[in-house]
Structures are given as C-alpha cells and as structure tokens.
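Novice: Structure for the following, please:
(chains A, B, C and D)
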There are 2 protein chains.
Amino acid sequence: MPRYREIYESLRQKIVLGQWPPGHRLPSEHELARSFGCARMTIGKALGALADQRLVTRRRRAGTVVNAPRPQESVLEIHDIEAELLAAGVSYAYQSLERRVRRANAADAAALGVPPGTPVLALTGLHRAGGRPHALEERLINLQAVPEARAERFTDISPGRWLLRRIPWTEAEHQIAALNADATIARRLAIRRNTACLTIERNTWRDEQRITHVRVIYPCDQHRLVARFRYGAA
Amino acid sequence: MPRYREIYESLRQKIVLGQWPPGHRLPSEHELARSFGCARMTIGKALGALADQRLVTRRRRAGTVVNAPRPQESVLEIHDIEAELLAAGVSYAYQSLERRVRRANAADAAALGVPPGTPVLALTGLHRAGGRPHALEERLINLQAVPEARAERFTDISPGRWLLRRIPWTEAEHQIAALNADATIARRLAIRRNTACLTIERNTWRDEQRITHVRVIYPCDQHRLVARFRYGAA
DNA sequence: TTTCTGAATATGTCTAGGCATATTATGATT
DNA sequence: AATCATAATATGCCTAGACATATTCAGAAA
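Specialist: Reported below is the predicted structural model:
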C-alpha cells in the first residue's frame, strides 16, 4: 500500500470513527509531514483525497477542517436492461411496439426539451425476459442530434443499446417515481390495472444538445434499484 | 484555472466528443509532458483525474486507454426529508405512531441483518408537510449498536435526524422500489388503497455493525428522486 | 513452433524545494 | 472603538529528478 494511502486511511479512521468530530481542524501539512516523516506533497495527496471524498474542506490559510456527514448521497447504477438480464442468466428480447417519425408536439417538446416542430423519433417497445414482459420503454430521439436514427428500424434491437454505442453523451439526468399502471400499460406488461410500477426517466445531453428522453416502466415486483455508498471511500 | 485542470479538460474533450474513441491509447506521460510543456507530474495529475472519473484506464507499461462509456451511473442524493421540506418553504413535523422495544423477530432480523433475539427499537412515524401526511417511516434501530436510543422517546423528533447527529456511519445501501398501498399505509398517509408508492429502504453500517434499517414510503404524487450525472466531471 | 527470459517502457510513487494566492491575525491609525 | 494596511500562514500548484513495479515485447532456447 502506498504511503499516501496509508496516511489517507489513518486520517480517515480518525474522522469516520468520530475521534475528529465535524469542525475539527487538522494539523497543517507541514506538521503532518513532520509527524508522518514524509514530504509535504505526499500529505497533500492524502488530504486531497479526503477532500475529494468530501470528508474535509480545505481552504488556504484557514486549513483543513472535518466536514459534517453528508445527508444521504449514493452512487446509483442504472444498468443496461439487456446486460442485467443476461448476467442473471435470463433470455432477453426487445420487441418494437410503435415507431413513428413526427414533428415534436407540445408533450414531446416538454419531455425532450426541444422546440415544438423539431423532428423526433418516437419509439415504444417491450423488454422481454424469459419470454415474459419485463419492462416497457417509451423513448423520444432528437433527430436533429441523431439523424442516422431515422434509417434504423429498431424492430428487435433495443434503441438504448444502439444509442449507447453510437452517440457519446456528456450528461444524464434520472428521475425515479412510482405510478399506477393505466389500462394501456397494464395490457402491454400483462399485469393488472393499478399495479404499482417503478418508472425511471432519463434525459441525455451531449454538450447542451438533447439527445434522447426515455421512460422505462417496471412492474413493482420485477425491479428494484440498489445504490451503495461507502462514506469516504472510493 | 490551474494547468493540470486545463490539460484535464483538453483531454476530456477529445474523449467525450469521440475524437479519441474507446480503446484509443493516449500518448505517454512523457510525450504529453513534452507537448504541453510541463512536468510529468502535472500530466500525471490530469490523467489521474481522468482515471478517477473512469474515462480512462491506466496500466503500467500498457499505457492509458480510453474506456467504453459506463452503462448508466448516477449520483443519487437522497435528502433529509425535513431539510428538503424546509428548503421548499413548507412546514414540517414528525409524528410518532408507534414505538416498541423488543427482541428481534424473524422479520426484524432479516431486515436489520442481526441475529434473532437482538434487542431492537421499532419505530413507526409520519412526516407531515404543511400539516398533511407526506411520508411514512418504518424504522428498526439496533440497540446493541445504539444503546442510548432506548432512552429517547422520539415523539416529535425524527429518528433519522437524531441518529445522523449522533452516530457516525461508514456505509449505506439504498433500495428503491414501488408498492401498492395496503389498507394500513393508505389510512396513515390519507390516500386511497392501491395507490402506487415509492419506497426507499436504507441500511446503515458502522464498520460491519448494523445500525439501522429504515423504509420510507411516499405516495406517488409526492416525491420523485432525481439523480444527475456529468460524464467525466466532478 | 512454443516457451521462457531479460530488456524496454509506461505508470506509480516519492522527495525537496519553489512561487502563488487566499485568508486570517495583528498592529497602526483614525 | 472601528477601520484599514500589512505580515504571517496554510493550502494550491508546480518543477526536475529519482527509484519501484507491472506489463509487454523481442529474442533466445528448447
């Protein structure tokens, strides 16, 4: 284990176990370098890592101070449905239900964040796991950003995969919510009306330009999202 | 802007805009140092930041290689309910519905991850926003880990806040799911039976020791989780 | 051809020092 | 007492060089 990591761990312990409470000021880099017997830059690397993890705040002249624990922050991994199912050893298939090129109406424009009239590709499809409906996907693709999507049929390739391979994205936003299945959703997912479903909406950007908006609907018994977080660790 | 950050941004652009596709090998640190006219350590800092963001993978002798885009990873912030409501300018109150000290039964043991028979504190409470029910909370606290909770009544202080201030935690796991409100949930939240609800379950550890398990239930129209992610940025 | 061994190479880490800059503390002045 | 200029200080960033270590590549040996 490299020296700076040892120092990082040693300082981290003091913080997460409460020995150095929030607000406590750490010794200066010079002092730490002396006490650990290393160069100041090595200490700087360890303290920088603590700051990256938001365990401490560093300000010139003011020094390095222990932060209050963050509320509840977590890294959420929203996996590719296909990869997830294949990893679980379940067969996967994508089935196209609707495909339409149109000029964005008001709802499209709001969801995708483009001016009304922009050409969009609207797709609805079903992800099947082991032959049974697994999730319903409603997607809008901005054809100004991804003109080559116009030529693609998406009859049995998931548009998510297709896009992920082709279009580099720089920013994404997820919104997670619950909804009661209406008649259409219930029919397509082969569940009873009013069954609670988990929905994940995702907006994707490439440098200010909107690429796609997608809403994936999972029946409540088929999916949960898991997010794990270790306080002050990579 | 510091030099290493300029270099980081310059390299990042090449990657996220597809100029350097996945699999592409970057010039060596020495070459980059020469072309940017700086010391190797400055390049190392920039490349290290790219690696932290998982934009590249670095291996000795093999060099630095552009990664395939990550599936869909996001930073999820699950805010403290009270802070969230107060920030929105809505009044907040916590109302205790049940409080019971008992030895863990099978369900408690499974949820909290402790052996059956361990003393636990089981709490049920309602978060109210503007006087109306906002979320239902079901919590188990491991009294072996937090003995001082036995003395606390939790009649009008939210146990989440109380714990957050007192107990340093090192690891947390969230699970997000949807469920149909049963009769009890519906009554307590003043919603109709079968209304879809978003549930967030959270397990908290302190160095291997389980501290608490909590499930928060939100009616579908009262809450959505938002997670944002910038590809390759802090 | 295959396998092994050593050389080359890129990164990983570290040192010892330097200048820059933000912020705080201090002391002088009003 | 209040304000302001100045000095002290801690971090932020950087250089130039060094040794360590993992990995690959090329050539030698079987």
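Novice: And the strands in chain A?
Specialist: Along chain A, counting by DSSP state E, strands occupy A:56-59, A:63-66, A:73-77, A:92-103, A:119-129, A:132-142, A:171-180, A:196-206, A:209-219, A:225-230.
Novice: Of all those strands, which one is nearest DNA strand C?
Specialist: Nearest of the strands of chain A to DNA strand C, taken as C-beta to the nearest atom of the strand: strand A:56-59 at 5.0 Å. Where you see a C-beta, it was placed from the backbone N, CA and C, and this is true even at glycine.
Novice: Direction included, what does that closest one pair against?
Specialist: Counting by DSSP bridges, the strands paired with strand A:56-59 are strand A:63-66 (antiparallel).
Novice: still on that earlier bit, now tabulate the strands of chain A in TSV and tack on distance to DNA strand C, mean pLDDT and mean neighbour count.
Specialist: Listed next are those as TSV, based on distance: least, C-beta to the nearest atom of the strand, whole Å; pLDDT from 0 to 100; neighbours: other C-beta atoms under 10 Å in any protein chain shown:
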stretch	distance to DNA strand C	mean pLDDT	mean neighbour count
strand A:56-59	5	93	15
strand A:63-66	8	94	18
strand A:73-77	22	67	19
strand A:92-103	35	95	14
strand A:119-129	38	95	20
strand A:132-142	36	95	21
strand A:171-180	27	88	20
strand A:196-206	27	91	22
strand A:209-219	31	94	21
strand A:225-230	19	69	19
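Novice: Please determine how far whichever residue of chain A sits closest to DNA strand C is located from DNA strand D.
Specialist: Going by C-beta to the nearest atom of the strand, DNA strand C is nearest to residue A:3 of chain A, at 2.4 Å. According to C-beta to the nearest atom of the strand, to the nearest Å, residue A:3 and DNA strand D sit 12 Å apart.
Novice: So what's the residue count around that residue?
Specialist: 15 (other C-beta atoms under 10 Å in any protein chain shown).
Novice: hang on, it packs against residue A:39?
Specialist: No - taking contacts as C-beta atoms under 8 Å, residue A:3 lies outside contact range of residue A:39: 9.5 Å.
Novice: surely residue A:127 meets residue A:135?
Specialist: Yes - counting by C-beta under 8 Å, residue A:135 is a contact partner of residue A:127 at 4.4 Å.
Novice: Overlap in contacts, the two.
Specialist: With contacts taken as C-beta atoms under 8 Å, 6 or more residues apart in numbering or on different chains, the residues that reach both residue A:127 and residue A:135 are A:81, A:216.
Novice: Mind putting the strands of chain A into TSV with distance to DNA strand D?
Specialist: Formatted as TSV, these follow (distance: least, C-beta to the nearest atom of the strand, whole Å):
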stretch	distance to DNA strand D
strand A:56-59	3
strand A:63-66	4
strand A:73-77	21
strand A:92-103	32
strand A:119-129	36
strand A:132-142	36
strand A:171-180	23
strand A:196-206	26
strand A:209-219	30
strand A:225-230	23
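Novice: Tabulate the ones you listed in a markdown table, adding columns for distance to residue B:213.
Specialist: Below are these laid out as a markdown table (distance: least, C-beta to C-beta, whole Å):
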| stretch | distance to residue B:213 |
| --- | --- |
| strand A:56-59 | 29 |
| strand A:63-66 | 27 |
| strand A:73-77 | 16 |
| strand A:92-103 | 33 |
| strand A:119-129 | 29 |
| strand A:132-142 | 28 |
| strand A:171-180 | 20 |
| strand A:196-206 | 20 |
| strand A:209-219 | 23 |
| strand A:225-230 | 15 |
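Novice: In contact with the closest residue to residue A:48 other than its chain neighbours, which residues?
Specialist: Take residue A:48 and drop its neighbours on the chain: the residue closest to it by C-beta to C-beta, 6 or more residues apart in numbering or on different chains is residue A:58, 7.8 Å away. Under the criterion of C-beta under 8 Å, 6+ apart, the neighbours of residue A:58 are A:47, A:48, A:51, A:64, A:65.
Novice: Show me which pair in those is furthest apart.
Specialist: Using C-beta to C-beta, the pair of the contacts of residue A:58 lying farthest apart is A:48 and A:65, separated by 14.6 Å.
Novice: domain ranges for chain A?
Specialist: A:3-66, A:75-227 (automatic domain parsing).
Novice: what about those, which gets the closest to residue B:116?
Specialist: domain A:75-227 (24.6 Å).
Novice: Quick one, which of the domains of chain A gets closest to residue B:23.
Specialist: Of these, nearest to residue B:23 by C-beta to C-beta is domain A:75-227, at 12.8 Å.
Novice: anything in that closest one near chain B?
Specialist: Yes - figure legend: domain A:75-227 in contact with chain B (C-beta under 8 Å from any C-beta of the partner chain); contacting residues A:75-80, A:83, A:164, A:168-180, A:194-198, A:202, A:207, A:218, A:220, A:223-227.
Novice: thinking again about what came up before, contact partners for the residue of chain A closest to DNA strand C?
Specialist: A:36, A:38, A:42.
Novice: hmm, try it at 6 Å
Specialist: A:38, A:42 (C-beta atoms under 6 Å, 6 or more residues apart in numbering or on different chains).
Novice: Look at it and report its pLDDT.
Specialist: Predicted confidence (pLDDT) for residue A:3: 94.
Novice: wait, isn't residue A:15 in contact with residue A:56?
Specialist: No - using C-beta atoms under 6 Å, residue A:15 is not in contact with residue A:56, being 7.3 Å away.
Novice: returning to that earlier point: nearest to residue B:90 among the strands of chain A would be which one?
Specialist: Nearest to residue B:90, of the strands of chain A and by C-beta to C-beta, is strand A:171-180 at 19.1 Å.
Novice: From chain B, how far off is the residue sitting furthest away from the middle of chain A?
Specialist: Centroid-distance maximum for chain A: residue A:34 at 42.0 Å, with C-alpha atoms, centre = their mean. Separation of residue A:34 from chain B (C-beta to the nearest C-beta, to the nearest Å): 22 Å.
Novice: Residue A:28 too?
Specialist: Taken as C-beta to the nearest C-beta, the span from residue A:28 to chain B is 21 Å.
Novice: Give me the nearest residue to residue A:142, chain neighbours excluded.
Specialist: residue A:210 (5.2 Å).
Novice: Can you verify my assumption that the one you found contacts residue A:113?
Specialist: Yes - under the criterion of C-beta under 6 Å, residue A:210 makes contact with residue A:113 at 4.8 Å.
Novice: Export the contacts of residue A:58 to a markdown table and append columns for distance to residue B:214.
Specialist: Conversion of those to a markdown table gives the following (distance: C-beta to C-beta, whole Å):
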| residue | distance to residue B:214 |
| --- | --- |
| A:47 | 33 |
| A:48 | 34 |
| A:51 | 29 |
| A:64 | 32 |
| A:65 | 29 |
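Novice: ok, so of those residues, who is nearest residue A:142?
Specialist: Nearest member of the contacts of residue A:58 to residue A:142, counting by C-beta to C-beta, is residue A:51, at 37.9 Å.
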